[in-house]
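Enquirer: Next one to model:
(2 chains)
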Amino acid sequence: MNIYVCVKQVPDTETKIKILPDKSGIDLSGVKWILSPYDEFAIEEALRLKEKNAGSTVTVVSVGPERAKEAIRTALAMGADNGILVDAPEGADGALAAKAAAGAIKKEPQVDIIFTGKEAIDDGAAQFSQFLAKNLNYPCVTVVLGIEYGPGKVQCRREVEGGAVEMVEATLPAVLAAQKGLNEPRYASLPNIMKAKKKEIKTYSQADVGVSASDQKVRLKNFELPPPKQAGKKIAGDIATQAKELARLLREEAKVI
Amino acid sequence: MTWQTWLFLPVFFGAMGYSLLQIRRLGKLMKASTGKTRVMDEMGARVRETLINVLGQKAVLRDKKAGIMHATIFWGFLIITLGTLEQFVSTLVEGANFEFLGSSIYQALVFFQDFFTVAVLLAVGYAFYVRLVVRPERLGKSKDALKILAFTGGLMVSILLMNAFHLAGTQPWFASAMIFSNLLSGLAPSDPSICMAGYTFFKWIHMILVLGFAMYIPHSKHLHVLAAGPNTFFKTLTVEKGMQKIDFEDETLTQYGAAKVTDLSWKDTLDTFACTECGRCQDLCPAWNTQKPLSPKAIISDLKKNLLRNQAAILSGKIEDVTPVIDDNVTEDVIWACTSCRACEVACPVFIEQTDKIYAIRRNLVLMESRFPAEVQNVFKNMENNATPWAFSASDRANWSQGLSIPTIQANPNAEVLLWVGCAGSYDDRNKKVVTAFASLLKKAGVSFAILGNEEKCTGDPARRIGNEYLFQTLAKSNIETLNRHQIKTIVTSCPHCFNTLKNEYPDFGGKYQVFHHSQYLVRLMNTGRLKPAKNFDETVTYHDSCYLGRWNSVYEQPRSLISAIPSAHFVEMTQNREKGMCCGAGGGRMWMEEKIGKSINIVRTEQAIATKATVVASACPFCMTMLTDGVKAKDLQSKMKVMDVAEILDQSIS
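Expert: Numbering: from 1, shown residues only, chains lettered A, B, ... in the order given. I've put the predicted structure just below:
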């Protein structure tokens, strides 16, 4: 099978986000970059599918600046075979990234299935998988918790609101967006880390895949940090007084009732 | 040439030839081991250690009863073997003997032989009693052991009867020197020809037992009589030992760690030959004593079993057919249960180094196969991304020091000592207080110190103990680059794991510093009068030894002397202390693994502390602090018993 995985490089979950002084964006200096955690589930699923189907290849595609190659290397170290990077500026949105990834994938001789994370943990937009499917004219299943593979089709368990699960069938090729719980991603073995260092990563410019700056649909104007967490308040008095005070605070200070 | 000579020659050469062939086979198995050993220099010290511990039986005698039993058999064996040699010579050449040594020497020789024959018999009797009646858990059930004792006892009985008949039949001039045989000869019949027949009969019984034993030994745990000496000679000489470095630059290396028993080193294999399954290691193992599947005794004999099971493949050079080191005996649970507390190694009378094998097997599991407890993956990721095993941001590392006027190395580049904070001191709320107390003491003593601040990273110890050498080396190299850039000469740390890694493991990567544990440093400050404990501390204090301070670095006394120096503090020892101190359960990366099998190690250790009726348990390690604090909480004894670091106790006593 020709298996593809689209991944994004994002700041580490423990990163302390700082806003640039002119509020135009996030201060990226000193950020530790990682592979977006949901994409790890996608890669793991791709690798397990490959292992079940001898002769398969897993190709990792990312859209972003040069540094995104590290995320591709991480995926290669887990066991993916090939890497493709489409060069794109910082802050490319889902629409641009999906069009670029689709452009790169269209250059490939054959595609059987595409995995990606349900969302990237930086902007949390959760749009890429659907944009990608639209660009390729494939079906798309999001928030996937489990996959049964059949000839030319897949049955996916996907999470819906309220913790319920629905079963969806899609014909292949399809885009499947992984949710946490789909699997337990593996830790790269050292021989695979060493091998990954030597693998070549194919690079395309935006022009190579037919993308231009006008494909960016979202313009970010201004950044602000959420207000710092206030210390908790302890309300004194008997229960009736406490309840009264709580109601007053919720109404007058928090303005939620 | 008599009929005895003609009979003896084929029997002797047949038996010894067989035995030598078996030993050659075992030698070949050792030679097939491909793993690296430590550097083995300092031959003089090795000879000395071997003399003290083999001839002198020093390590064996650390356990009094078993030690005296063993030393009796061992020294007896040496002196009786001279008699056996004489017997073989006299069988080959009739009338030949050792009397040419001179009458007084010869008399002394036969006196001691006779004395030890009875002494060994008594020792064997005691050993039978222990194995069959007392039956301590550590010995287990061993048919092999009973056969060995039967052989040894049979040898002694045959010697006694042989000598008794000999003395009765020939009345030699040295008869009176052989007190016991001489007494026994009084019971012999008066007919000299019957006595001589009895003598010849028991002499042959003895010789056949000796040769039979020689043939049996290579197939038995009694192989230790051949392997324990060399094993003592080739042991790691110092208490402090770093784990062995893997050279990742070496492109010829394709296997990291031990996937097969042949991936271990020849010294590891020799260790398995040297083990006589006495179980002293098992007695002290915190994993075994809390119902985990790991026994340091069993892992050594199981590795030997694995080797022997695979010997056909190994000896025919078909290494690819050798089955994995992880098998039905050495399971993954066994390998992950080890806290690397090293109680086993310190207890071993023949200096077997169990942790080397466990580390080698872990390395293969982690580096080659990515097989490890699931919860460890996040630990590795945290260390990779934020240089700490816990999920905290690298940029928050120095937050604990805010408002405490603790200078960074940039602010105080000429500090006399660098305070290495460690991840626990940086991020864990309880242990932040320990580092704060230690920093307060440094200030009270007027020490010019500094911290690396956010430039500090985890030393890599957890990754290394779990088997992730690659991640360890990444962190170690980065820290060494930082330390060398700031031209650091002296480091003090309150974490024994950081202490051990900085002191014993960083030198292999070019990081050479004078490293102190805070207990050592505080004792120095007290001895030079820079710190004077004055305020009372009206508590009963017991001290819990940290493994990486005690057994890995021989720091036992300094933490105790800090407590003893405080006015009115009443010090009590736990039953298991110093070399025999029980681990808190957090070493060897266990801090970050769930303890799913058996009783919790920290609870058992806490119970031992409670038994002293102490009101304060002193610790000198952040992980011990966490484990014991959890233990006291689990026992719901927070109001009666506090866990405090030695620095906190000292800080309270100095204004």
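
Enquirer: part of a helix, is B:Val225?
Expert: Yes - counting by DSSP: H, G, I helix; E, B strand; the rest coil, B:Val225 falls inside a helix.

Enquirer: I'd say it and B:Pro218 touch.
Expert: No - judged on CB atoms under 8 Å, B:Val225 makes no contact with B:Pro218 at a distance of 10.4 Å. All C-beta spots, glycine's among them, are computed from the backbone N, C-alpha and C.

Enquirer: neighbour count winner among these two?
Expert: Comparing B:Val225 with B:Pro218 by other CB atoms under 10 Å in any protein chain shown, the one with more neighbours is B:Pro218, at 19 against 15.

Enquirer: list the contacts for the nearest residue to that one once chain neighbours are set aside?
Expert: Spatial nearest neighbour of B:Pro218, chain neighbours left out: B:Gln22 (3.5 Å); criterion: CB to CB, 6 or more residues apart in numbering or on different chains. Residues near B:Gln22 by CB atoms under 8 Å, 6 or more residues apart in numbering or on different chains: B:Met215, B:Pro218, B:His219.

Enquirer: Tell me how far B:Gln22 lies from chain A.
Expert: Per CB to the nearest CB, to the nearest Å, B:Gln22 is found 38 Å from chain A.

Enquirer: Name the residues of whichever helix or strand that residue is part of that are buried.
Expert: Element membership for B:Gln22, per DSSP states H and E: helix B:3-31. Residues of helix B:3-31 classed as buried: B:Gln4, B:Phe8, B:Phe12, B:Ala15, B:Ser19, B:Gln22, B:Ile23, B:Leu26, B:Leu29, B:Met30 (neighbour count, 16 or more other CB atoms under 10 Å in any protein chain shown).

Enquirer: what's the answer for stretch A:85-93, then?
Expert: By neighbour count on 16+ other CB under 10 Å, the buried set for stretch A:85-93 is A:Leu85, A:Val86, A:Asp87, A:Ala88, A:Gly91, A:Ala92, A:Asp93.

Enquirer: Can you list phi and psi of the nearest residue to the third one once chain neighbours are set aside for me?
Expert: Nearest non-adjacent residue to A:Asp87, counting by CB to CB, 6+ apart: A:Ser205, 5.5 Å away. The phi and psi torsions at A:Ser205 (degrees, to the nearest 10) take the values phi -90, psi 170.

Enquirer: Which secondary structure state does B:Met582 sit in?
Expert: Following three-state DSSP, the label given to B:Met582 is coil.

Enquirer: per-residue confidence at it?
Expert: On pLDDT, B:Met582 comes in at 98.

Enquirer: for A:Ala231, same thing?
Expert: pLDDT for A:Ala231: 85.

Enquirer: Spit out the contact partners of it.
Expert: By CB under 8 Å, 6+ apart, A:Ala231 lies in contact with nothing.

Enquirer: you'd agree it is in a helix?
Expert: No - using three-state DSSP, the assignment for A:Ala231 is coil, not a helix.

Enquirer: tell me the contacts of the residue in the stretch 1-150 of chain A that chain B sits nearest to?
Expert: As assessed by CB to the nearest CB, chain B sits closest to A:Glu14 within the stretch 1-150 of chain A, at 4.0 Å. Taking CB under 8 Å, 6+ apart, we find A:Glu14 in contact with A:Lys32, B:Asn382, B:Asn385, B:Asn386, B:Ala391, B:Phe392, B:Ser393, B:Ala394.

Enquirer: For PyMOL, write the selection for the buried entries among these.
Expert: Written as a PyMOL command, the selection of buried residues from those, which uses 16+ other CB under 10 Å, is:
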select buried, (chain A and resi 32) or (chain B and resi 382+385+386+392+393+394)
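
Enquirer: which SSE is B:Val643 in?
Expert: Per DSSP H and E: strand B:642-645 holds B:Val643.

Enquirer: Skipping adjacent residues, who's closest to B:Lys241 in space?
Expert: In space, B:Lys241 is closest to B:Asn504, 6.7 Å off (CB to CB, 6+ apart).

Enquirer: ditto for B:Phe392
Expert: Sequence neighbours aside, B:Tyr427 is the residue nearest to B:Phe392 in space, at 4.7 Å (criterion: CB to CB, 6+ apart).

Enquirer: Can you get me a residue count around that neighbour?
Expert: By other CB under 10 Å, 21 other residues sit near B:Tyr427.

Enquirer: List the contacts of it.
Expert: Shown in contact with B:Tyr427 (CB under 8 Å, 6+ apart): B:Thr388, B:Trp390, B:Phe392, B:Asp396, B:Arg397, B:Trp400.

Enquirer: Secondary structure element holding the closest residue to the first one other than its chain neighbours?
Expert: Sequence neighbours aside, B:Cys423 is the residue nearest to B:Thr388 in space, at 4.3 Å (criterion: CB to CB, 6+ apart). Secondary structure from DSSP H and E places B:Cys423 in helix B:422-427.

Enquirer: what's the average pLDDT for that helix?
Expert: Model confidence over helix B:422-427 averages 98 on the pLDDT scale.
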